[in-house]
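In: Give me coordinates for this.
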Amino acid sequence: MRALILVISSVLALSAQESPFPKPMAHHLAMKDMAGTWTAVARMYMEPGKPPMVSKGTEVNTLVAGGLWLKTELKAEMMGQVFEGHGLFGYDARQNAHVGSWVDSSDTWMAVTKGTCSKDCKEQTLLFEGYDETGKPTTHKEVHVQVDRDHRTMVMFVKAKDGTFKKVMDMEYTRAK
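Out: Numbering: from 1, shown residues only. Next up is the predicted model:
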């Protein structure tokens, strides 16, 4: 009987303790507005002075792992072909940074992003190492803005030889109704 009381007491004590898993912080909660299905319009600036190449698609974002991560799936048409991209983004409290990964059907390398947020996490700036249009390693920068609950933007830049960032793409997202 004494053993049963000890077991029950231990179970009650453990269940009264807080979960060992982290709870979403303000940085994680800001991702809630990004969850859902979005129509996306991308403009890629291939050559200076030329009109951008425009692609349209659908992005589905799902909060996963207790709201700590945002899983992204993008399907679009690009250059007459099906484009597919997948990402996982969140906030790493140990690094005090927004982090993520992105892969897509346009190349064989993975973007591993790290950055900061501002304006109550409605704006994120992410950096990652990748390649330029000639295949040479370079730094990329993305600026994501949650304009309002139903509109988002993303602008991507590539670091030029002179050290400045050159805009190569922008995207507009509208929440699907």
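In: Now residue 23: phi and psi?
Out: Taking degrees, to the nearest 10, you get phi -100, psi 150 for the backbone angles of residue 23.
In: Okay, it and residue 99: tell me how far apart.
Out: 18 Å (CB to CB, to the nearest Å). For every residue, glycine as well, the C-beta is placed using N, CA and C.
In: for residue 63, same thing?
Out: For residue 63 relative to residue 99 (CB to CB), the value is 16 Å.
In: out of these two, which sits in the more crowded spot?
Out: Of the pair residue 63 and residue 99, residue 63 is the one with more neighbours under other CB atoms under 10 Å, namely 19 against 16.
In: quick check, residue 29 in a strand?
Out: No - read with DSSP: H, G, I helix; E, B strand; the rest coil, residue 29 is helix and lies in no strand.
In: how many neighbours does it have?
Out: 15.
In: Hmm, it is touching residue 67, no?
Out: Yes - here residue 29 reaches residue 67: they are 7.4 Å apart, a contact under CB atoms under 8 Å.
In: This protein: helices as residue ranges?
Out: In the chain, the helices defined using DSSP state H lie at 2-16, 26-29.
In: Kindly report which one of those helices carries the lowest mean pLDDT.
Out: Among these, helix 2-16 has the lowest mean pLDDT, at a mean of 54.
In: Residue 112 bridge partners, please.
Out: Legend: beta-bridge partners of residue 112 under DSSP bridges are residue 101.
In: per-residue confidence at it?
Out: 98.
In: isn't it right up against residue 92?
Out: No - using CB under 8 Å, residue 112 is not in contact with residue 92; the gap is 11.8 Å.
In: Overlap in contacts, these two.
Out: residue 99 (CB atoms under 8 Å, 6 or more residues apart in numbering).
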